[in-house]
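Peer 1: A predicted structure for the sequence below; I have some questions about it.
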Amino acid sequence: MDPVPGDPAGAPHAGAPAGGHGTDLGPLLQRAARGDTAAFAALYDATAARVHGLALRVVRDPAQAEEVTQEVFLEVWRRASRYDAARGSALAWLMTITHRKAVDRVRSAEAATRRDLTYEQTHRGVEHDSTAEAAHAGLEARRVRAALAQLTDVQREAIELAYFGGYTHTEVAALLDLPVGTAKTRIRDGLIRLRDTIGVGR
């Protein structure tokens, strides 16, 4: 992969600020969208530690977190023009990309593990009870995925951070640049809708 302007490869630069606090990220994104490498480097320095921290919280592996961080800033460099200030803060947009890529990385790893387990089971013979248990687990997973798909984007984002990312309500609010009360409302409403959707399917 060609180097990304600002060299956002691997872990954050030593001494990089812990987040975008005190830095107006919107104009930096707009300038980066026009190919301004200095603005992109400033954006990276202001947010890399926070991006890496979120990635690490989700994937729980330093090497994987570094790769996710690199992927995030590569996408930001390529797609900065898609940022819409009317839909939320630049930091929230950046952290949403980070969370999505980190979750994709986890799901990819889980899929590889499932393929390995499937191969092992098909080549050693599986008892009926084990097969039934696996089928039941698969049905439950599909039911949950289907229920998540029924949520609004903002509800799903908050619930994934809280329950897949392991963040507290206060941390979710900070990551999404929201008041704590708003974050709690999104999580609560999403959980109610999940419960109702999954309950209907039973």
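Peer 2: Thanks, I have it. Quick caveat: nothing in here was measured; it's all calculated off a predicted structure.

Peer 1: show me which positions of stretch 160-180 end up buried.
Peer 2: Within stretch 160-180, the residues scored as buried using 16 or more other CB atoms under 10 Å are 160-162, 165, 167, 169, 171-176, 178. C-beta coordinates here come from the backbone N, C-alpha and C atoms, glycine included.

Peer 1: then stretch 183-190?
Peer 2: Per 16+ other CB under 10 Å, stretch 183-190 contains these buried residues: Ala183, Lys184, Arg186, Ile187, Asp189, Gly190.

Peer 1: which non-adjacent residue is nearest the third one?
Peer 2: It refers to Arg186. For Arg186, ignoring the flanking residues on the chain, the nearest one in space by CB to CB, 6 or more residues apart in numbering is Ala158 at 4.0 Å.

Peer 1: got the confidence number for the one you found?
Peer 2: pLDDT recorded at Ala158 is 80.

Peer 1: now the element after the strand or helix carrying it, going C-ward?
Peer 2: For Ala158, the host element (DSSP states H and E) is helix 153-159. Tracing the chain past helix 153-159, the next element assigned as helix or strand by DSSP H and E is helix 169-175.

Peer 1: low pLDDT regions in the protein?
Peer 2: For the chain, residues meeting the criterion pLDDT under 70 lie at 1-23, 112-144, 163-165, 199-202.

Peer 1: quick one: the helices in it?
Peer 2: Counting by DSSP state H, one finds helices in the chain at the ranges 25-33, 37-59, 62-79, 90-122, 128-149, 153-159, 169-175, 180-201.

Peer 1: so which of the ones you listed is the most packed in?
Peer 2: helix 37-59 (a mean of 22; mean count of other CB atoms under 10 Å).

Peer 1: what packs against it?
Peer 2: On a contact count with 3 or more CB pairs under 8 Å, 6 or more residues apart in numbering; DSSP states H and E, helix 37-59 meets helix 25-33, helix 62-79, helix 90-122.

Peer 1: check contacts around the residue nearest to Arg186.
Peer 2: Val172, Leu176, Ala183, Arg186, Ile187, Gly190 (CB atoms under 8 Å, 6 or more residues apart in numbering).

Peer 1: pull the most distant pair out of those residues.
Peer 2: Farthest-apart pair in these is Leu176 and Gly190; separation 12.8 Å (CB to CB).

Peer 1: next up, the contacts around Arg78.
Peer 2: Contacts of Arg78 by CB under 8 Å, 6+ apart: none found.

Peer 1: and for the one 3 residues further on?
Peer 2: By CB under 8 Å, 6+ apart, Ser81 lies in contact with Ala33.

Peer 1: ok, Ala183 next?
Peer 2: Ala158, His169, Thr170, Val172, Ala173, Leu176.
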